[in-house]
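Engineer: Below are the sequence and a predicted model for it; my questions follow.
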Amino acid sequence: MATKIKQIISDFISNQKQYPIVYAIAAGLYPILFYYSNNFTLVNTWAHLAYFVFYFLMIPIVLFILLAKIFTLSLLQNWRKFLFPFLNVATFLILLKISYYAGVQKKIILGILIVSGLFSYFFSKQLKKVVVFQFLLAILSIGFLIPKIYKQITNSTEWLIQPDDIEKVVFKNTPNVYFIQPDGYVNFSELDKGYYQIDNTDFASFLTDNKFNYYNNFRSNYASTLSSNSATFMMKHHYYNEGTSLSESVNARNILITKNSVLDVFKNNNYKTYFVTEKPYLLLNRPKMGYDACNISYQDVSYIGTGLGQPLDLLPPIKNYLESDTDVAKFFFIEFFNPGHITRRELDSDGIDEEKKLWKESLDSANEKLKKIITLINDKDPNSIIIIMADHGGFVGMKNTIEVYNKTEDRDLIYSIFSSSLAIRWPNNHAPKYDVNLKSAVNVFRILFSYLGDNEKYLQHLQNNSSYVIIRNGAPKGVYQYIDEVGNITFKKQ
């Protein structure tokens, strides 16, 4: 078999025939597989597959064939030998750039065109060797992609099953509920110490004036938006599904947007549900919309990208949803991306001190957004429940978030990852006595539903309040408990 493949490759390279379709497929196939291998959870839909096949394969095939015919004209005959080398390399590099970094970067594209021109002029006879290399890269990428697909297909869904009948809880009172999530907002108990050393008393006073209960030492259970929120909305631990990615909780976007225990409870109690977000980050893989309304249409969601572009103004859609359907109870999941966390990539980092400065500026922006949203809700819906809960910490003290994979015993760094804000305005400023159990994100909704259902039996199945991280460096790779039930630093493999 190997001898036959080797002979086919040798015959392909040695003959003089041109293969525009093969050249086009070679240019587009590896960029597709590269993108899928590195972003599978963003593109695990048939719509995405159709998109990539059309733009990365079909369009190049048509372009290569069309230009091949055009270059048969006598006027262009002398340039024909440069056509396919230029087209193949330029298409390959441009599609690879798109796969790695979406958007239009004029300088990068210009550089690609120059490199492609130089290759076609000096190395045009090496095109078929390049094409073989491109196919070899594609084959290697398949080797990386198959385990990810297998993991998604075979992933256990047992963790999605509740230990009791909480999804059938019947609310005794039905105030509107606003779950507001400022990304990466560290708890006040950490902001004035450790690597932060930030004075946030102005916003703390605002919350006090608006009768919020603030929960010091609250933290997330996981280190990213997807992993933290999927546990929060399922009210259960997933332990990263034994994954190897910081952000991984398998099918997290589908869980958050399509179906989860929290949504089921609100719907079972005849609530109308709203997802309001300033960026389409949770919508990137186009999960079926489980909320009754969302301020972003899938028509406005790019098939390629991070979902972290320019933010939308949240006040108009919130105001619109508040003023419509006033005769029904409502649940809002409101998400915005300040203060966020420090930069992800080492190459983009400005250093520990500068990253802290940028985070502080973003914190100020988060405070302003929260003030405007809370003021709007107070004006329109004064008897509602408002929950402000961050998904994780800001990672200040690190150069970049990738450092979370490195084992550390630094208490302040660990809390910089997991410390997160929680403030709740309870109706009539009367919190239930069991709100002392509000220690970590995984139990927030179970405690809320116990309150709304006036039934403390659901507190019998509170999850442990430990926080977990994936470690790759400094210890055997795996999922580790970093903070235990009572807040102590630990390092115990899950």
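Structural biologist: Yes, it's here. What you see is a predicted model; the values in this text were computed from it and never measured.
Engineer: Show me the strands in the stretch 151-300 of the chain, by range?
Structural biologist: Along the stretch 151-300 of the chain, counting by DSSP state E, counting those that start in this stretch, strands occupy 177-182, 213-214, 272-277, 293-294.
Engineer: closest one to residue 446 among those?
Structural biologist: The closest of these to residue 446 is strand 177-182. By Cβ to Cβ, the value is 13.7 Å. For the C-beta atoms, the positions are set from N, CA and C on the backbone; glycine is no exception.
Engineer: neighbouring strands for the closest one, and are they parallel or not?
Structural biologist: Applying DSSP bridges to the sheet, strand 177-182 is found paired with strand 330-336 (parallel), strand 385-389 (parallel).
Engineer: What lies in contact with it?
Structural biologist: Residues outside strand 177-182 that contact it (Cβ atoms under 8 Å, 6 or more residues apart in numbering) are 229, 266, 271, 330-336, 338-339, 366, 369-370, 373-374, 377, 381, 384-391, 421, 448.
Engineer: so that strand versus strand 272-277, what angle?
Structural biologist: Per axes from the mean of the first three to the mean of the last three Cα atoms, to 10 degrees, the angle that strand 177-182 makes with strand 272-277 is 10 degrees.
Engineer: mind listing what residue 298 touches?
Structural biologist: Residues in contact with residue 298 (Cβ under 8 Å, 6+ apart) are 283, 286, 289.
Engineer: Using CSV, lay out those together with neighbour count.
Structural biologist: Conversion of the contacts of residue 298 to CSV gives the following (neighbours: other Cβ atoms under 10 Å):
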residue, neighbour count
283, 21
286, 20
289, 16
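Engineer: Nearest to residue 29 among these?
Structural biologist: residue 286 (23.1 Å).
Engineer: Wait, that closest one touches residue 49, no?
Structural biologist: No: counting by Cβ atoms under 8 Å, residue 286 stays clear of residue 49, with 11.7 Å between them.
Engineer: hey, which of the strands of the stretch 151-300 of the chain is tucked in deepest?
Structural biologist: Highest mean neighbour count among the strands of the stretch 151-300 of the chain (mean count of other Cβ atoms under 10 Å): strand 177-182, with a mean of 23.
Engineer: just how off-centre is that one within its chain?
Structural biologist: How far strand 177-182 lies from its chain's middle: 18 Å, per Cα atoms, centre = their mean, to the nearest Å.
Engineer: I'd like the average pLDDT over that strand.
Structural biologist: Mean per-residue pLDDT for strand 177-182: 98.
Engineer: again with stretch 341-355
Structural biologist: Stretch 341-355 comes out with an average pLDDT of 81.
Engineer: who touches residue 308 in this structure?
Structural biologist: When contacts are counted by Cβ under 8 Å, 6+ apart, residue 308 touches 279, 281, 337.
Engineer: how far away is residue 225 from residue 92?
Structural biologist: 33 Å (Cβ to Cβ, to the nearest Å).
Engineer: try residue 487
Structural biologist: In this view, residue 487 and residue 92 are 52 Å apart by Cβ to Cβ.
Engineer: Equivalent analysis for residue 253, please.
Structural biologist: Distance of residue 253 to residue 92, given as Cβ to Cβ: 30 Å.
Engineer: The two: who's more crowded?
Structural biologist: In this view residue 253 and residue 92 are compared by other Cβ atoms under 10 Å, and residue 92 has more residues nearby, 25 against 22.
Engineer: surely the more buried one meets residue 26?
Structural biologist: Yes: here residue 92 reaches residue 26: they are 7.5 Å apart, a contact under Cβ under 8 Å.
Engineer: what's the closest of the strands paired with strand 177-182 to residue 354?
Structural biologist: strand 330-336 (23.0 Å).
Engineer: Quick one: mean pLDDT for that closest one?
Structural biologist: Strand 330-336 comes out at a mean pLDDT of 97.
Engineer: For the closest residue to residue 483 other than its chain neighbours, list the residues it contacts.
Structural biologist: Excluding the flanking residues, the one nearest residue 483 by Cβ to Cβ, 6 or more residues apart in numbering is residue 467, at 4.0 Å. By Cβ under 8 Å, 6+ apart, the residues touching residue 467 are 219-223, 417-418, 440, 481-483.
Engineer: ok, now with 7 Å
Structural biologist: Residue 467 makes contacts with 219-221, 418, 482-483, as judged by Cβ atoms under 7 Å, 6 or more residues apart in numbering.
Engineer: Give me the below-cutoff pLDDT ranges for the chain.
Structural biologist: Along the chain, the model assigns pLDDT under 70 to residues 1-2, 5, 7-14, 73-79, 102-104, 242-249, 347.
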